[in-house]
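Asks: next come a sequence and a model predicted from it.
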Amino acid sequence: LLFRVPFPPPPPPPTSSALEVPPSAVQTLYGHESEVYICAWNPVESLLASGAGDATARIWDLTGSAASNPGFGRATTLVHVVKKGKERDLTSLDWNSDGSLLATGSYDGLARVWNKDGSLRQVFDRHQEPIFALKWNRRGDLLLSGSVDKTAVVWDAATGEAKQVFNLHSDPTLDVDWRSNSSFATCSTDRSIHVCRLGDPNPIRTFLGHENEINAIRWDPSGRLLASCSDDRTAKIWSVDQDHFLFDLRDHEREIYTLKWSPTGSGSQNPSLPLRLATASFDTTVRLWDPELGKSVHCLKKHEETVYSVAFSPDGKYLASGSFDKTMHVWSVKDGTLLRSFHGGGGIYEVCWNKEGDKIAACFSNNVVCVVDFRM
């Protein structure tokens, strides 16, 4: 007689409670008096910047721990004296590459640069309408802003002067992204993308193909590919070598709010890992795409409302997503499994990782910022 040895059953999938981040791993930062829209970790130190609808940015000191640092969790407040009659919301935050300066963009049309100690260094006054995007180039000598007034402006960071105004769009400029220290892309409600170079009055390439406003654009780490996402429910991948898109990514069922490239592949810190593109949509899903094939490799389904933010860990192995369902999820990029979940007290506008990849910040509609310890 042959005895069949039964194989042990596979372990059950982790329960949702097993994936929940314990309260001991969460630091909640109080101080903002309005919804917190944006956050950004300093690239060098354990400082976290946040920006809100209360006309302030805050720089939170998260060095060490409460035991070792008496100022742990304390914020320096960057008060934006708003132009008369203008709205107060902060729209953009960006640290320069050495972490010494923070740039902020606001609904009042002003861009500002602050020292990391919170002192105001420079005000950039040219835009007539809200600034929706503001970014340093890698070298840190230029700032690029995009505004509802339809223009993009390249600023000399040292003098505060506008080096060049690009008046190329026929509707609001919604996003900008540097390709190199002197070239960049802009996108607009007018459904077009322009690739521009400082010193050239005309675009070096214009991408047409979206059928509704374009919400976000990003260059991949190599500067070879540009990804865009739109209210037309598609994301597209473009190459500077041709006018027509390389891939038309049509798997989402609602508007796509934002996207990010993984810090992997050619030109990145993690060249041995494959390049991935993440997109976040009003359809409550996040998708991970293979940009070489133009195919969706994972559809991440756990959120119950619009996903407003996605962010890759610095090693490219994990993806955090934040939604208006009050939840942040952390996923495996490799196989798309859900690894951690954190439920907050309001909708989430943005999530971001620190440089070590062991903390994730999330900013909430109930006026707080939460910092979650992440270790696998």
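Replies: Nice, I can see it. Please read these numbers as outputs of a predicted model, since none were measured by experiment.

Asks: send the alpha carbons of stretch 356-364 over as PDB?
Replies: Output in PDB follows, covering the C-alpha atoms of stretch 356-364 (Å, rounded to 0.1, in the frame of the first residue of the first chain):
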ATOM      1  CA  GLU A 356      17.200  55.900   3.800                       C
ATOM      2  CA  GLY A 357      13.900  54.300   2.800                       C
ATOM      3  CA  ASP A 358      12.800  53.600   6.400                       C
ATOM      4  CA  LYS A 359      10.200  56.300   6.900                       C
ATOM      5  CA  ILE A 360       7.200  57.400   4.800                       C
ATOM      6  CA  ALA A 361       5.500  60.700   5.300                       C
ATOM      7  CA  ALA A 362       1.800  61.200   4.400                       C
ATOM      8  CA  CYS A 363      -0.100  64.500   4.500                       C
ATOM      9  CA  PHE A 364      -3.700  64.600   5.300                       C
END
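
Asks: please, where are all the helices along this structure?
Replies: Here the chain has its helices, by DSSP state H, at 16-19.

Asks: below-threshold pLDDT in it: ranges please.
Replies: Residue ranges of the chain with pLDDT under 70: 1-16, 66-67, 83, 85.

Asks: 80 instead?
Replies: Across the chain, the ranges flagged by pLDDT under 80 are 1-17, 65-71, 73, 82-88.

Asks: how close does N96 get to T151?
Replies: In this structure, N96 and T151 are 22 Å apart, going by Cβ to Cβ, to the nearest Å. C-beta here means a position set from N, CA and C on the backbone, and glycine is covered the same way.

Asks: next, count neighbours for P274.
Replies: P274 has 15 neighbours, counted by other Cβ atoms under 10 Å.

Asks: so it touches S266, yeah?
Replies: No. Using Cβ atoms under 8 Å, P274 makes no contact with S266, being 10.3 Å away.

Asks: can you name the residues that contact L273?
Replies: With contact set as Cβ atoms under 8 Å, 6 or more residues apart in numbering, L273 has these partners: S262, T264, G265, G316, K317.

Asks: how close does G73 sit to S266?
Replies: In terms of Cβ to Cβ, G73 sits 39 Å off from S266.

Asks: more neighbours, the two?
Replies: G73 (17 against 12).

Asks: the more buried one and L62 touch, don't they?
Replies: Yes. G73 is within contact range of L62, at 6.8 Å (criterion: Cβ under 8 Å).

Asks: give me the common contacts of those two.
Replies: Counting by Cβ under 8 Å, 6+ apart, the residues touching both G73 and L62 are Q27.

Asks: quick one: the contacts of L273 as a markdown table, columns for distance to D141 and neighbour count too.
Replies: Output for these, formatted as a markdown table (distance: Cβ to Cβ, whole Å; neighbours: other Cβ atoms under 10 Å):
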| residue | distance to D141 | neighbour count |
| --- | --- | --- |
| S262 | 28 | 25 |
| T264 | 28 | 22 |
| G265 | 27 | 22 |
| G316 | 28 | 24 |
| K317 | 33 | 17 |
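
Asks: of those residues, which is the nearest to L293?
Replies: Nearest to L293 among these is G265, at 13.5 Å by Cβ to Cβ.
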